[in-house]
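> turn this into a model:
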Amino acid sequence: MRAREFITEAEGKMHDHHQNATKGITRIRDVGGYDRVYHMNRLWMAMAMADGKSKKPVDMDSASWVEKYNTVHPYTEEEHMMLQQAMATIPSDSKVVVKFSPSIEPSDTNSVSPVTGFKGYPK
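Numbering: from 1, shown residues only. Sure thing, here's the model as predicted:
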């Protein structure tokens with residue numbers, strides 16, 4: 001028995017009974033086929049914003065600022081240096097987006113709890 005006789009997962013034609021059982025199928029990927037998962041995520045985001053009544057583009061960026069890159073967020077100086085060592089070991093296409101420094105809370109962030117603390121049950 002030849003492998004092609006029992007392996008059915010290959011690119012081929014869709015069966016008629018599969019075509020008949022659906023209202024429509026669109027085969028899609030990013031231009032170049034580099035990152036299908038990222039592309040599908042962006043499509044899902046746009047679909048969630050779409051009104052379903054027109055073919056006009058929705059008001060969103062076609063790509064995130066990260067796009068096809070991963071991001072690393074070290075919390076300590078030691079973790080930052082660990083990243084530097086790792087990148088010196090593993091060739092990487094990288095760009096520093098925000099220089100490592102102490103974080104600052106936004107001015108509109110509450111620094112005092114609006115809830116009164118529990119002082120125990122009355123006696």
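> skip ahead from the lowest-mean-pLDDT helix or strand in the chain and say which helix or strand is next.
When each helix and strand of the chain is scored by mean pLDDT, DSSP states H and E, helix 3-6 comes last, with a mean of 69. Per DSSP states H and E, the first helix or strand lying C-terminal to helix 3-6 is helix 16-20.
> okay, buried residues for whatever helix or strand comes next after that following helix please.
Toward the C-terminus, helix 16-20 is succeeded by helix 36-49 as the next helix or strand (DSSP H and E). Neighbour-count burial for helix 36-49 flags Tyr38, His39, Arg42 (criterion: 16 or more other CB atoms under 10 Å). Any C-beta I mention is one placed from the backbone N, CA and C, and that applies to glycine too.
> so who does the last one touch?
Which is Arg42. Ser62, Ala63, Ser64 (CB atoms under 8 Å, 6 or more residues apart in numbering).
> check contacts around the first one.
If I follow you right, that is Ser62. For Ser62, the contacting residues are Arg42, by CB under 8 Å, 6+ apart.
> got phi/psi on it?
Backbone torsions for Ser62, taken as degrees, to the nearest 10, come to phi -70, psi -20.
> from Tyr38, how far out is it?
Using CB to CB, to the nearest Å, Ser62 is found at 11 Å from Tyr38.
> same check, this time on the second one
Counting by CB to CB, the gap from Ala63 to Tyr38 is 9 Å.
> again, but for the last one
When distances are taken as CB to CB, Ser64 and Tyr38 turn out to be 9 Å apart.
> cool, and Ser103?
Distance from Ser103 to Tyr38, by CB to CB: 27 Å.
> what of Val72?
17 Å.
> hang on, the earlier thing: from the buried residues of helix 36-49, which is closest to Gln84?
Of all the buried residues of helix 36-49, Tyr38 has the smallest distance to Gln84: 26.3 Å, by CB to CB.
> so what's Met45 up against?
Neighbours of Met45 in contact, by CB under 8 Å, 6+ apart: Met60.
> what's the pLDDT at it?
Looking at Met45, its pLDDT reads 95.
> again with Thr8
If you check Thr8, the pLDDT there is 65.
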